[in-house]
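I need the structure of the sequence given here:
(chains A and B)
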Number of protein chains: 2
Amino acid sequence: MNAEIITIGDELMRGEIVDSNKARIAERLLLHDLDTRHQVSVLDDPADMRDAFVRAAERSDFVLVSGGLGPTRDDLTTEVLAETFGRKLELDPPSLEAIEAFFARVGREMVDANKKQAYFPEDADVLENPIGTAPGFSIREGRATFFAMPGVPRELDRMMDDQVLPRIASRLAEEEEGGAARRVVRAQLLATFGLGESTLEEELRDLMRDGEVELGFRTSFPDNFLRPVARAATAGEADAKIEKAVAAIRERLGPVVYGAGETDAKDTMESVVGRLLTEAGKTVSTAESCTGGLIAERFTDVPGSSAYFLGGVVSYSNEAKAAMLGVPEDVLEAHGAVSEPVVRAMAEGTRERFGSDFGIATSGISGPGGGTADKPVGLVWIALSSEAGTHADSFVFQVDRSRHRRLTAQVGLDWIRRSLIGAELVGPSLLRRSGGGSAPGGSK
Amino acid sequence: MNAEIITIGDELMRGEIVDSNKARIAERLLLHDLDTRHQVSVLDDPADMRDAFVRAAERSDFVLVSGGLGPTRDDLTTEVLAETFGRKLELDPPSLEAIEAFFARVGREMVDANKKQAYFPEDADVLENPIGTAPGFSIREGRATFFAMPGVPRELDRMMDDQVLPRIASRLAEEEEGGAARRVVRAQLLATFGLGESTLEEELRDLMRDGEVELGFRTSFPDNFLRPVARAATAGEADAKIEKAVAAIRERLGPVVYGAGETDAKDTMESVVGRLLTEAGKTVSTAESCTGGLIAERFTDVPGSSAYFLGGVVSYSNEAKAAMLGVPEDVLEAHGAVSEPVVRAMAEGTRERFGSDFGIATSGISGPGGGTADKPVGLVWIALSSEAGTHADSFVFQVDRSRHRRLTAQVGLDWIRRSLIGAELVGPSLLRRSGGGSAPGGSK
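Residues are numbered from 1 along each chain as shown, chains lettered A, B, ... in the order given. Prediction:
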């Protein structure tokens, strides 16, 4: 059995928004062992929509439609689906009540156009939308079950999880009883930092040779994600397979694997560092020049981070490095802001002034301008100060300004993590990909 | 004439990555007055790819294909396109040399698989890729011109701009000479902050009534973008139409419009504030609690920001607010960290310590925890200190943690902008949408 995703909207076809709905739908379907075989986007145009619906009904078992359920006259999904399959539109009184209640709750006026959202094709199964005004619905046409859902990502996610996936699971279970035995799928996402994709692939090639587990790769700069997927006849078998594969990968890669998780419970570098700091009862503060607050921002993005993140200084000017962090002015003058003595003094200064266990500091030239022969664009010094002393190292990351900042911040966070688990403080010296398209960075 | 976009890759169909290529291709095509009518994604599967290519050749004039040009055995675009349209594969010696030169330049070893990337369907027009290993190519099949491009976004963008768009323009010009007169398109993106989408729509409805200009809306939290698109027989006419529309929108909305631009030259709130600060010869520093460094990070994301951004303090703990910003401890004790006196003292403290013209401060409860009856989750105090005095206000933004931080940071940046252009310092009190799906925030 296979799935098809249809997203609808002129704004998608004009490129005004990036369509992330398809990825989020497909990711969820895969965990039900449903492969997405087709993805299609069309204009808010009845003829194109009809064509897409007819083809999907012929070739797919599940058709996930997103968009076009709003109150405006451009929102045509309900009407066109009904018309395509020769169904009348019928008012669903409970939906009308729910829409009225929604508007009363948020204190907004309900306009006539919103009433349209309570009409559905006859024999439709209505899908509640507790966080928006547009209910969804499901209809069965031949082999295909259509699910029409809102395009607003939050509402779509909620409807997928609460309404659509249980219905899909139930139809899959029926089919299974009918003879078509289904396989159980287990997947696990592993987050890595420090090795390039082709190096990872090479390192892990022999582990995957038996074909029991399929290994997916994904790059989201500056990280690489591994996604082993195991299929088996029973849940127990699939669990065992995936556990074995994850253990083998972790053993092979050591501290390069920094996190795990799926979709909503995904580890991030900052959440992992936060957890380790909490477990160790340690605190941290930052002194950022070239990363300009990015490390602090990432720490504080995690709920509860006030337990271990005390604060930081963004010392963009030399005066700020001296006044706010106590970097001696003669050191600044003798070595320049992007230098080992200055970044060490920054890390030690923030640690002392905030009274934290760790102090992390960055100073570099993110570009595009500001480089010299001695100190080229891309050069960065990073220092980590703790009771064990202060470690500093320099890199030349030949990437654009935004990636330079993100890569530098990631190394800084990774050093705290590595320090807490007793691993070596290395940089992404191996981040260069061999044989691939682009080199995310190289060490000096 | 119309365009179709086909993206290829199992990773897309598994939802492992969000496919932003389609949006970037479509956006570029629209500026050549080419409407994208179909978007399709398929697996790395020859049968599905063939089916997509055949249908595209029947219904579309330009077919933009992205992905599947890499060196691995999963990369099948070249082979399948050749086979679908009955063409042999031929080695292109200049491409082989270019690939060899690329590997020599980046100091990586070239593997045999990379040689595959120098083969193209016969009669193909090769498209150079100066920043990667995979050249693209173009073939003409009946009414359709196919462009096969890499999936790596950077390489795709470069190839679109340098190779593909000029070829499309030239074919469009040929068709025009052949009789099918083309219309010139002009579009302009306007960035707004402070009003909800439906309010904007209502405010501008009468301006667009004559149908001369089509008005697109896009929300990218916490901003709303307007995109008037004008079509005319000549460039002069189209320019005049779009200028008139933009002037009318700006007059109607006043300071709610904060920026303009298209694709790569897009204004951001931080770049606009930076430009205004530079013009005024003024400097700024930050004192962030709940935004945790986000405002500093956004300032320093702009190249050259060291000219006006002096630095900032992320004062997450009360101790840091006292020690690093000089907030009196009795004030902290009497009023709590999230209070008007504290946020005023933070803004004044950072301005004084960094010696800047402006000091912006935030203190709030971003959630999910930490609220009380008096100070609910979502409450935030924002203060802007300058020689004109200190302005402070509070809001309750009922959005999740991440949006709370982004919305607060945007108000802070917007206040600096409004202060520099002499506009009123208002918050997004009108951000609530009426009749729409979700309410991004509301004022206290």
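
show me the domain layout of chain A.
Chain A breaks down into these domains under automatic domain parsing: A:2-177, A:184-263, A:269-420.

save those domains as JSON lines, and put in distance to chain B, mean neighbour count and mean pLDDT too.
C-beta: built from backbone N, CA, C; applies to glycine. Listed next are the domains of chain A as JSON lines, based on distance: least, CB to the nearest CB, whole Å; neighbours: other CB atoms under 10 Å in any protein chain shown; pLDDT from 0 to 100:
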{"stretch": "domain A:2-177", "distance to chain B": "3", "mean neighbour count": "19", "mean pLDDT": "91"}
{"stretch": "domain A:184-263", "distance to chain B": "5", "mean neighbour count": "17", "mean pLDDT": "85"}
{"stretch": "domain A:269-420", "distance to chain B": "3", "mean neighbour count": "22", "mean pLDDT": "95"}
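
right, and residue A:315 touches residue B:311 too?
Yes. With contact defined as CB atoms under 8 Å, residue A:315 reaches residue B:311; the gap is 5.0 Å.

which of the three states applies to the most far-flung residue of chain A relative to its centre?
In chain A, the residue that sits farthest from the middle, by CA atoms, centre = their mean, is residue A:330; the gap is 44.4 Å. Counting by DSSP: H, G, I helix; E, B strand; the rest coil, the backbone at residue A:330 sits in helix.

helices or strands up against the host helix or strand of residue A:241?
Applying DSSP states H and E as the criterion places residue A:241 in helix A:235-253. If you count contacts as 3 or more CB pairs under 8 Å, 6 or more residues apart in numbering or on different chains; DSSP states H and E, helix A:235-253 packs onto strand A:184-187, strand A:189-192, helix A:197-204, strand A:213-220, strand A:223-232, strand A:257-261.

got the angle between the fifth one and strand A:257-261?
Strand A:223-232 runs at 50 degrees relative to strand A:257-261, counting by axes from the mean of the first three to the mean of the last three CA atoms, to 10 degrees.

for strand A:223-232, packing partners?
Right, strand A:223-232 is packed against strand A:184-187, strand A:189-192, helix A:197-204, strand A:213-220, helix A:235-253 by 3+ CB pairs under 8 Å, 6+ apart.

okay, the ones you listed in CSV with distance to residue A:383 next?
Putting the helices and strands packed on strand A:223-232 into CSV (distance: least, CB to CB, whole Å) gives the following:
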stretch, distance to residue A:383
strand A:184-187, 38
strand A:189-192, 24
helix A:197-204, 27
strand A:213-220, 27
helix A:235-253, 26
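
for residue B:198, find the nearest of the ones you listed.
Among these, the nearest to residue B:198 by CB to CB is strand A:213-220 (34.0 Å).

rewinding a little: so which of the domains of chain A gets nearest residue B:117?
domain A:184-263 (15.0 Å).

next one: the closest one to chain centre, how far?
Its chain's C-alpha centre and that of domain A:184-263 lie 17 Å apart, by CA atoms, centre = their mean, to the nearest Å.

what do you get for stretch A:32-51?
On CA atoms, centre = their mean, the centre of stretch A:32-51 falls 24 Å from that of its chain.

just give the closest residue to residue A:312, not the sequence neighbours.
Among residues not flanking residue A:312 along the chain, residue A:286 sits closest, at 3.3 Å (CB to CB, 6 or more residues apart in numbering or on different chains).

name the helix or strand for the one you found, please.
strand A:284-288.

following that strand, which helix or strand comes up?
Next element after strand A:284-288 (DSSP H and E): helix A:294-300.

residue A:31 and residue A:185 touch, don't they?
Yes. Counting by CB under 8 Å, residue A:31 touches residue A:185, with 6.5 Å between them.

can you give me the helices for the stretch 301-444 of chain A?
Counting by DSSP state H, counting those that start in this stretch, the stretch 301-444 of chain A has helices at residues A:318-325, A:329-335, A:340-354, A:401-420.

make JSON lines out of these and add distance to residue B:152.
Formatted as JSON lines, the helices of the stretch 301-444 of chain A follow (distance: least, CB to CB, whole Å):
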{"stretch": "helix A:318-325", "distance to residue B:152": "38"}
{"stretch": "helix A:329-335", "distance to residue B:152": "38"}
{"stretch": "helix A:340-354", "distance to residue B:152": "33"}
{"stretch": "helix A:401-420", "distance to residue B:152": "14"}
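
relative to residue A:128, which of the ones you listed is closest?
Closest to residue A:128 of those is helix A:401-420 (CB to CB; 39.5 Å).

mutual contacts of residue A:315 and residue B:311, please.
residue A:324 (CB atoms under 8 Å, 6 or more residues apart in numbering or on different chains).

and stretch A:12-21, end to end?
Start and end residues of stretch A:12-21 are separated by 11 Å (CA to CA, to the nearest Å).

residues making contact with it?
Against stretch A:12-21 from outside (CB under 8 Å, 6+ apart): A:5, A:7, A:11, A:41-43, A:66-67, A:151, A:153, A:156, B:18-20, B:22-30, B:35-37, B:39, B:216, B:218, B:220, B:225, B:227.
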